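Colleague: output the structure for:
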Amino acid sequence: MSDTATCPFCGYQDPEPAVLLHIELQHTSSVENREGRPFDVPDEVWEEAELEAPSDVRQKFDDSGWTEYAECPIEDCGEIVSFDNIDSHLDLHLLEQAENEPEELQPSIEDSKSDSPKLPSPTLSPVASTVPSKEPGLSIPGTSSTKNWKQLLSLSTPKSSAQPSEMSGVLRVKKVKKAKNAQNSWHAHAQNAVRLGKDELGAHHNEDRMPDWLYNRLKKHGFRSSRDTIPVIAQLLEKGTKTQYAYLCDPATQHISKLSREGGFCGYRNIQMLVSYIINSGAPGAAIFKSTIPDIFEIQDLIEKAWDAGINPSARKQVGVLRRTRKYIGTAEAQVFFHYLGIPHREEEFVNLPDDMSRKAEIELYDHVENYFATAPGVDSQSKVRNTARAPIYFQHRGHSMTIIGIERTVNGNRNLLVFDPSYGDPVSVTRYVGRHVERPNEDALKMYRRGAKYMGHYKQFEILRLE
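Modeller: Numbers count the residues shown, from 1 in each chain. Now for the predicted structure:
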């Protein structure tokens, strides 16, 4: 059970999430005034508690266990992030925002971290962000209300210099039984298939239709995309002081990232990145797409057609309707998508045995990815940065997926995956050098693309899909 909290208005006591909901229900004004209230329980608390009446609040938070989630407090992000990931998620937003500021106005990253409540939200749009306000007291949207809740309920000690993780607005919601292997469960025998839940399909696992505003936004705007950033990353690695050597995939790969407030469509965005490589490089399957990257709904249609054609038919029972919903997809759906289109591919899984807390799966993944790039035809194994014509790799761990564009070994012997993460766009400090010569090192910009032991250590199971 979580720590007991006390309502400051009437003395009602219960676990913290239940008290937050109690205040929302009993001590706030009408829904019409919700925008103007200094304190507001995020919508996800309502959704996860599945409220039917105020008297049901306590019953929904019982002794069956808890798991911690937070809605990202950065305006326009919209992702629900596990507590394990919130530090790195917010740090990357911080880097994204800092790297998009004009250089003469950029604080150091360390200064920015120590003063996170004063950071403005990043502009997540296809154009460069405007110069953010430096007015004292400006806070990341969503964080101030969280801090106010915590201070009001005396659930945490106010901090004058809070790290992003301390301002993350953590919500505790009822734990759903974790799937031993969410993606491999989709390969179960059809007769044993059971409907998947929140752990596999996300918060909207029961959804039959996404909201119209989101559907219209995704249809109208499609996705954000950056071209020709891999050659810039290559220059940054070449000039970097931390890089011993690095491999990179075909520069035809575009970095495709989410629209503001779209939520969790990372699986679709990674499929789109692989398709961008296929189209731009003329790889097998290019003619199928006719020079057009499919949108989310076209990908959903193709996956459902694959199920109808008998490809992984048990998924129909496990997922239900996928078309026009926000249900998560992963490696299994990417495999179905490419199989249905006749595009050669291969899947690999790296997993620790039960109770094995070592880095075995992580190291095996690094070894596999490095060998994949190191054996590319014509690669110069003597260069610091080793460019290849290899395809990027679809990469999945629990709760998120990315696209691997390379791998780096640092001067201290550690390795980092180099990724395009669909949650973040390329910073201006990278895109300004597209087609140009990089003038000096920028290790902060490279942090946007590196995923090493600090990040990977949270996970003991990884899946990849690579094009053949």
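Colleague: those helices in the stretch 251-400 of the chain, which residues are they?
Modeller: Ranges of helices in the stretch 251-400 of the chain, per DSSP state H, counting those that start in this stretch, are 266-281, 286-289, 296-308, 314-319, 331-340, 360-374.
Colleague: packing partners for the first one?
Modeller: When you say that, I think you mean helix 266-281. With contacts taken as 3 or more CB pairs under 8 Å, 6 or more residues apart in numbering; DSSP states H and E, helix 266-281 sits against strand 255-257, helix 286-289, helix 296-308, helix 331-340, strand 393-397, strand 400-410, strand 461-467. No exception for glycine: its C-beta is placed from N, CA and C like everyone else's.
Colleague: equivalent analysis for the shortest one, please.
Modeller: Helix 286-289 is packed against helix 266-281, with contacts defined by 3+ CB pairs under 8 Å, 6+ apart.
Colleague: output the below-cut-off pLDDT ranges for this protein.
Modeller: By pLDDT under 70, the low-scoring segments of the chain are 1-3, 12, 15, 17-89, 91-191.
Colleague: if you set the cut-off to 90 instead, what comes out?
Modeller: 1-205, 260-264, 312-318, 353-357, 399, 458 (pLDDT under 90).
Colleague: still on that earlier bit, residue 208: which of the helices of the stretch 251-400 of the chain is closest?
Modeller: helix 314-319 (12.0 Å; CB to CB).
Colleague: other SSEs contacting that closest one?
Modeller: helix 331-340.
Colleague: quick one: contacts of the helix or strand encompassing residue 418?
Modeller: Using DSSP states H and E, residue 418 sits within strand 415-420. Under the contact criterion CB atoms under 8 Å, 6 or more residues apart in numbering, strand 415-420 has outside partners 233, 246, 248, 253, 255-257, 273, 365-366, 369-370, 392, 395, 402-410, 449-452, 456.
Colleague: and the angle for that strand with helix 266-281?
Modeller: 80 degrees (axes from the mean of the first three to the mean of the last three CA atoms, to 10 degrees).
Colleague: export only the CA atoms of strand 415-420, formatted as CSV.
Modeller: Extracted C-alpha coordinates of strand 415-420, given in CSV (Å, rounded to 0.1, in the frame of the first residue of the first chain):
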residue,chain,number,x,y,z
ARG,A,415,28.7,0.8,-25.8
ASN,A,416,25.7,2.9,-26.7
LEU,A,417,22.9,2.2,-29.1
LEU,A,418,22.4,5.1,-31.4
VAL,A,419,18.6,5.6,-32.0
PHE,A,420,15.9,7.7,-33.5
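Colleague: packing partners of the helix or strand that comes right after it?
Modeller: Tracing the chain C-terminally past strand 415-420 and defining elements by DSSP H and E, one meets helix 428-431 next. Counting contacts by 3+ CB pairs under 8 Å, 6+ apart, helix 428-431 packs against helix 83-99, helix 230-239, helix 443-447.
Colleague: for helix 428-431, which positions count as buried?
Modeller: Neighbour counts over helix 428-431 (16 or more other CB atoms under 10 Å) mark 428-431 as buried.
Colleague: what about the closest residue to residue 440 other than its chain neighbours, how many residues close to it?
Modeller: Spatial nearest neighbour of residue 440, chain neighbours left out: residue 239 (6.7 Å); criterion: CB to CB, 6 or more residues apart in numbering. As a burial measure, residue 239 scores 17 neighbours (other CB atoms under 10 Å).
Colleague: so residue 239 touches residue 443, yeah?
Modeller: No. Counting by CB atoms under 8 Å, residue 239 does not reach residue 443; the two are 9.6 Å apart.
Colleague: quick one: contacts for residue 351?
Modeller: Applying CB under 8 Å, 6+ apart, the residues near residue 351 are 181, 361, 460-462.
Colleague: now the two most distant members of these.
Modeller: 181 and 361 (12.3 Å).
Colleague: find residues that contact each of the two.
Modeller: 351, 461.
Colleague: what about those two, which has more around it?
Modeller: residue 361 (20 against 15).
Colleague: measure that one to residue 456 for me?
Modeller: Counting by CB to CB, to the nearest Å, the gap from residue 361 to residue 456 is 9 Å.
Colleague: next one: residue 346
Modeller: 21 Å.
Colleague: which of these two has more residues huddled nearby?
Modeller: Each of residue 346 and residue 456 has its neighbours counted (other CB under 10 Å); residue 456 has more, 20 against 11.
Colleague: would you confirm that the more buried one contacts residue 360?
Modeller: No. Contact between residue 456 and residue 360 fails when scored by CB under 8 Å: they sit 11.8 Å apart.
Colleague: what's the local residue count around residue 271?
Modeller: With other CB under 10 Å as criterion, residue 271 counts 27.
Colleague: and it, how far is that from residue 229?
Modeller: Where residue 229 is concerned, residue 271 sits at a distance of 19 Å (CB to CB).
Colleague: likewise for residue 372?
Modeller: 21 Å.
Colleague: and the two? Which one has more around it.
Modeller: Legend: neighbour count by other CB under 10 Å for residue 372 and residue 229, higher for residue 229 (23 against 20).
Colleague: nearest spatial neighbour of the more buried one, chain-adjacent residues omitted?
Modeller: Residue 229's closest residue in space is residue 426 (CB to CB, 6+ apart), at 5.1 Å.
Colleague: ok, residue 336 - contacts?
Modeller: Contacts of residue 336 (CB under 8 Å, 6+ apart): 303, 306-307, 311-312, 315.
Colleague: the same query, at a cut-off of 6 Å, please.
Modeller: By CB atoms under 6 Å, 6 or more residues apart in numbering, residue 336 lies in contact with 303, 306, 311-312.
Colleague: what is the burial count for the closest residue to residue 341 other than its chain neighbours?
Modeller: Once flanking residues are discounted, residue 341 sits nearest to residue 288: 5.5 Å by CB to CB, 6+ apart. By other CB under 10 Å, 13 other residues sit near residue 288.
Colleague: distance of residue 288 from residue 357?
Modeller: Taking CB to CB, one finds residue 288 at 44 Å from residue 357.
Colleague: equivalent analysis for residue 409, please.
Modeller: 24 Å.
Colleague: the two: which is more packed in?
Modeller: Using other CB under 10 Å as the criterion, residue 409 and residue 357 rank with residue 409 on top: 16 against 8.
Colleague: ok, the closest residue to that one other than its chain neighbours - contacts?
Modeller: Leaving aside its chain neighbours, residue 409 sits nearest to residue 244 (4.8 Å; criterion: CB to CB, 6+ apart). Residues in contact with residue 244 (CB under 6 Å, 6+ apart) are 409-411.
Colleague: quick one: what helix or strand has residue 244 in it?
Modeller: Short version, using DSSP H and E: residue 244 is in strand 243-248.
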